[in-house]
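Novice: After the sequence you'll find the predicted model.
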There are 2 protein chains.
Amino acid sequence: MTDRDANEATERRRGSGAKIVYDVLRDEILDLVLPPGGPIDEVELAERFGMSRTPIREALVRLAGEGLIETLPNRSAIVSNIDFLNMHAYFDALTLMYRVTGRLAAEHHKPADIARIAALQAEFERAVEAQDALAMIATNAAFHLAIAEAGRNPYFTALFKRLLDEGRRILRLYYQSYDDRLPHRFVVEHEEMIAAIAARDLVLSEQLGKVHADQIVEQVRKLLVREERLDLML
Amino acid sequence: MTDRDANEATERRRGSGAKIVYDVLRDEILDLVLPPGGPIDEVELAERFGMSRTPIREALVRLAGEGLIETLPNRSAIVSNIDFLNMHAYFDALTLMYRVTGRLAAEHHKPADIARIAALQAEFERAVEAQDALAMIATNAAFHLAIAEAGRNPYFTALFKRLLDEGRRILRLYYQSYDDRLPHRFVVEHEEMIAAIAARDLVLSEQLGKVHADQIVEQVRKLLVREERLDLML
DNA sequence: CCCGGAAATTTTGTCGACAAATAGAATACA
DNA sequence: TGTATTCTATTTGTCGACAAAATTTCCGGG
């Protein structure tokens, strides 16, 4: 255990405790630092962050609300497992949200949105060139979330955010086992999406969203098949 | 204040505290017993439910996670306001979810689902005949949620549940000011939806979902215009 | 009479402690 | 040796109390 967190936490603003814990744990769950199914000990976290169990528990309740952890009554909470059985439901939802957010962004975006989206795309491009897997995952999610926000529909944005979060865990597996060279195709598709949105072409934006989604789904499917084969070989 | 809650809470199982408070407050918010924008006092709730502030706070954190209340740092939490400005975003999301859940239910339902949906529809019909507004709202939401669950996609179901919840507050306004006689059309449309789902007609189910959504959107739009006029007359 | 600042009150965020519930260890028994 | 049972120990759920932040009240000056 690192006591870095505890040291930094010696002096902080009142009310920020739970948020800090929430943010850190959320990232650690999504980056697979905390393994799915792994137990979550409240006192351990309290010691690590240098605060009492109260703000820890608040953070855990919020994480449970988003489905990132599961709490059994009177028993230790665990990091949510990745549900490989209902994966088709995830893909369906993800594909539809790519389409919808693409269309709505083309319809409702303002100039500042395009600038922001383009900036995040540039970041993503740099991450791809540097072959920094974690940065790729993070900036890719930020890029698509920016498109969703340009669509100005908080209900779709919230669902999409949840799906992209869950996707971060799956992609983490992907980039761990693959060879980190594929995604240049994603860069090109991103550029096309930006152009279609900026041109306010609703139909094309939605279509590109679907193409992009199918692309990702296909990659992950390949990964899953490969993993299954590895399992069989053990 | 009623001390009924406090009396009932004298003996309850450990771990149930926060859930009770969450369920009660959720219903009171959605039925407009707690007015939007109204403050939420933790100690008052603690006295009312006969427990300490800890489980109360846990319930509030969960409600905040679902957007039913808003918490300002170091300041009292308030019941979320109904956002009449971004109503079009709500209608867009609701319409799409009606379509998607209708289609997926037609695709993935099992016999038991149809029985359950039909039972809830019968309940809805009884509520309409009895002109019981609160029962109509609740059973209508339960009916559509059952369709969503028959679609077997938890991501869509979760979003739809959230939208139906938010809709409960809007419909509550609707049934308060209108004359509680309209909805027989809804009964007929519900029957058509059940038939299309049972026949596994994906296209028709999705189309009926859209028709039903447009119907509701139109009714609420009329209500909103009427309300605005009332405002102008004050 | 209105405005600005200080004191008092209210309300939240955090803490340490205790009790209930469960899991694990140790023991008795077949 | 395997199984049931009691005992121990860990971990959660709840409580009451305290301190920080913010709201309200009060008061003095203009």
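Specialist: Cool, the structure landed.
Novice: Could you tell me how far residue A:87 is located from chain B?
Specialist: From residue A:87 across to chain B, the span is 11 Å (Cβ to the nearest Cβ, to the nearest Å). Backbone N, C-alpha and C define where each C-beta goes, glycine included.
Novice: For burial, what's the neighbour tally of that residue?
Specialist: 15 (other Cβ atoms under 10 Å in any protein chain shown).
Novice: Now it, what are its backbone angles?
Specialist: Backbone geometry at residue A:87, expressed as degrees, to the nearest 10, gives phi -60, psi -30.
Novice: any idea how far the residue nearest to it when sequence neighbours are not counted lies from residue A:140?
Specialist: Distance criterion Cβ to Cβ, 6 or more residues apart in numbering or on different chains; nearest residue to residue A:87, sequence neighbours excluded, is residue A:224 at 7.2 Å. Using Cβ to Cβ, to the nearest Å, residue A:224 is found at 19 Å from residue A:140.
Novice: Pick out whichever of those two has more residues nearby.
Specialist: Neighbours were counted for residue A:224 and for residue A:140 using other Cβ under 10 Å; residue A:140 has more, 25 against 15.
Novice: My guess is residue A:137 contacts residue A:171. True?
Specialist: Yes. Counting by Cβ atoms under 8 Å, residue A:171 is a contact partner of residue A:137 at 5.0 Å.
Novice: give me the number of residues near residue A:139?
Specialist: Using other Cβ under 10 Å, residue A:139 is surrounded by 20 other residues.
Novice: Remind me which helix or strand it belongs to.
Specialist: For residue A:139, the host element (DSSP states H and E) is helix A:133-150.
Novice: Give me the residues contacting that helix.
Specialist: Here helix A:133-150 makes contact (Cβ atoms under 8 Å, 6 or more residues apart in numbering or on different chains) with A:31, A:97-98, A:101-102, A:104-105, A:108-110, A:113-114, A:116-117, A:120-121, A:123-124, A:126-128, A:156-157, A:160-161, A:164-165, A:167-168, A:171-172, A:175-176, A:180, A:183, A:186, A:190, A:193, A:197.
Novice: Return the members of those residues classed as buried.
Specialist: Listed as buried from those are A:97-98, A:101-102, A:104-105, A:109, A:113-114, A:116-117, A:120-121, A:123-124, A:127-128, A:156-157, A:160-161, A:164-165, A:167-168, A:171-172, A:175, A:183, A:186, A:190, A:193, A:197; burial here means 16 or more other Cβ atoms under 10 Å in any protein chain shown.
Novice: what about stretch A:34-54, distance to the chain center?
Specialist: Between the centre of stretch A:34-54 and the centre of its chain there are 22 Å (Cα atoms, centre = their mean, to the nearest Å).
Novice: Likewise for stretch A:186-204?
Specialist: On the basis of Cα atoms, centre = their mean, stretch A:186-204 sits 21 Å off its chain's mean C-alpha point.
Novice: Can you list the buried residues in it?
Specialist: For stretch A:186-204, by 16+ other Cβ under 10 Å, it's A:186, A:189-190, A:193-194, A:196-198, A:201-202, A:204.
Novice: Equivalent analysis for stretch A:68-77, please.
Specialist: By 16+ other Cβ under 10 Å, the buried positions in stretch A:68-77 come out as A:68-69, A:71, A:77.
Novice: Go through the top helix by length along chain A and flag the buried ones.
Specialist: Using DSSP state H, we find that the single longest helix of chain A is helix A:202-233. Across helix A:202-233, burial judged by 16+ other Cβ under 10 Å covers A:202, A:204-206, A:208-209, A:211-213, A:215-217, A:219-220, A:223.
Novice: Could you do stretch A:13-26 as well?
Specialist: Neighbour counts over stretch A:13-26 (16+ other Cβ under 10 Å) mark A:17-18, A:20-22, A:24-26 as buried.
Novice: TSV for these, including secondary structure and distance to residue B:144?
Specialist: Listed next are those as TSV, based on DSSP: H, G, I helix; E, B strand; the rest coil; distance: Cβ to Cβ, whole Å:
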residue	secondary structure	distance to residue B:144
A:17	helix	40
A:18	helix	35
A:20	helix	39
A:21	helix	37
A:22	helix	32
A:24	helix	38
A:25	helix	34
A:26	helix	31
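Novice: before we move on, the earlier item: filter the buried ones among the contacts of helix A:133-150 down to the ones in strands?
Specialist: Within the buried ones among the contacts of helix A:133-150, no residue falls in strands by DSSP state E.
Novice: picking up where we left off before, now the helix holding residue A:139, how far from the chain's geometric center?
Specialist: Between the centre of helix A:133-150 and the centre of its chain there are 8 Å (Cα atoms, centre = their mean).
Novice: Helix or strand with the lowest mean pLDDT in chain A?
Specialist: Ranked by mean pLDDT, DSSP states H and E, the helix or strand of chain A with the weakest confidence is helix A:4-8, at a mean of 45.
Novice: Spatially central, which residue of chain A would that be?
Specialist: In chain A, the centroid-proximal residue (Cα atoms, centre = their mean) is residue A:165; its distance is 2.5 Å.
Novice: So that one versus DNA strand D, what's the distance?
Specialist: Residue A:165 is 23 Å from DNA strand D, where distance means Cβ to the nearest atom of the strand, to the nearest Å.
Novice: Equivalent analysis for residue A:55, please.
Specialist: 12 Å.
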